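Student: What follows is a protein structure lacking sequence information:
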């Protein structure tokens, strides 16, 4: 005769296991209840849903704009426009103004224009940077570089008298491939004018950093941007 197998005894749940199971079930029920309450509340206050969707759309649009600006900025800087000081020395003064305009465009000022010439009222180059700031630049080219005549206080007085009241400048700059007298440098600091002398010009023209990163006490941005 074959022996009968003993019946399999199922282990009974311990009291602790049962408590844990009950706690999980209770948690699920509470969560489901909260979800139902939220859904009902939103159904009764549909304007909240509309507001949230509108805010999400604005945030998405802002992100897309920021990303496009960043890509545009990277493309501009990737152009890699460079000038050596000796190249700038050899330029005609009008071509020197063109070079300054192109450097501003390289830095992201896509609307940079050269306006130098008779009756320019102290503005050779105008531009708006990616931060919304208006730049007015006066160029002083010296064929002999440092050996040429220095930029003096009268040159800066002309810029100071027209850059802001006439041209609406946020940032007024004088750029030279030569040198600047000490009184002129002092006057510039007093009147919140910016001087780009030969040394600063060399760093700016031969590098990849925008001019506003090389100057001190530049006004804050007028608008938000994605640039570094």
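Tutor: Arrived safely. No experiment lies behind these values; they were computed from the predicted model shown.

Student: what's the following helix or strand after the helix-or-strand element of the chain with minimal mean pLDDT?
Tutor: Lowest mean confidence among the helices and strands of the chain (mean pLDDT, DSSP states H and E): helix 46-78, at a mean of 73. Once the chain leaves helix 46-78, the next helix or strand it forms, by DSSP states H and E, is helix 85-89.

Student: next structured bit after that following helix?
Tutor: In N-to-C order, the element after helix 85-89 by DSSP H and E is helix 93-106.

Student: what's the offset of the helix or strand just after that next one from the middle of its chain?
Tutor: Using DSSP H and E, the helix or strand that follows helix 93-106 in sequence is strand 113-114. Chain-centre distance of strand 113-114: 22 Å, with C-alpha atoms, centre = their mean, to the nearest Å.

Student: domain parsing for this structure?
Tutor: Here the domain assignment for the chain is 15-77, 82-213, based on automatic domain parsing.

Student: Can you say which helix or strand has residue 195 in it?
Tutor: Counting by DSSP H and E, residue 195 is part of strand 194-196.

Student: Packing partners of that strand?
Tutor: Judged by 3 or more C-beta pairs under 8 Å, 6 or more residues apart in numbering; DSSP states H and E, strand 194-196 is in contact with strand 171-176, helix 182-190. From N, CA and C alone the C-beta is placed, and that goes for glycine too.

Student: Looking at these, which one is packed in the most?
Tutor: Stretch with highest mean neighbour count among the helices and strands packed on strand 194-196: strand 171-176 (a mean of 25; mean count of other C-beta atoms under 10 Å).

Student: what bits of the chain have low per-residue confidence?
Tutor: Low-confidence segments of the chain (pLDDT under 70): 1-14, 69-79, 116-120, 223-228.

Student: that older thread, the strand holding residue 195 pairs with which strands, and in what direction?
Tutor: The strands beside strand 194-196 in its sheet (DSSP bridges) come out as strand 171-176 (parallel).

Student: and the strand it pairs with, how far from the chain's centre?
Tutor: Relative to its chain's centre, strand 171-176 lies at 21 Å (C-alpha atoms, centre = their mean).

Student: which other residues reach it?
Tutor: Under the criterion C-beta atoms under 8 Å, 6 or more residues apart in numbering, residues 100, 133-142, 151, 155-156, 159-160, 163-164, 180, 188, 192-198, 201, 211-212, 215, 218-219 lie in contact with strand 171-176.
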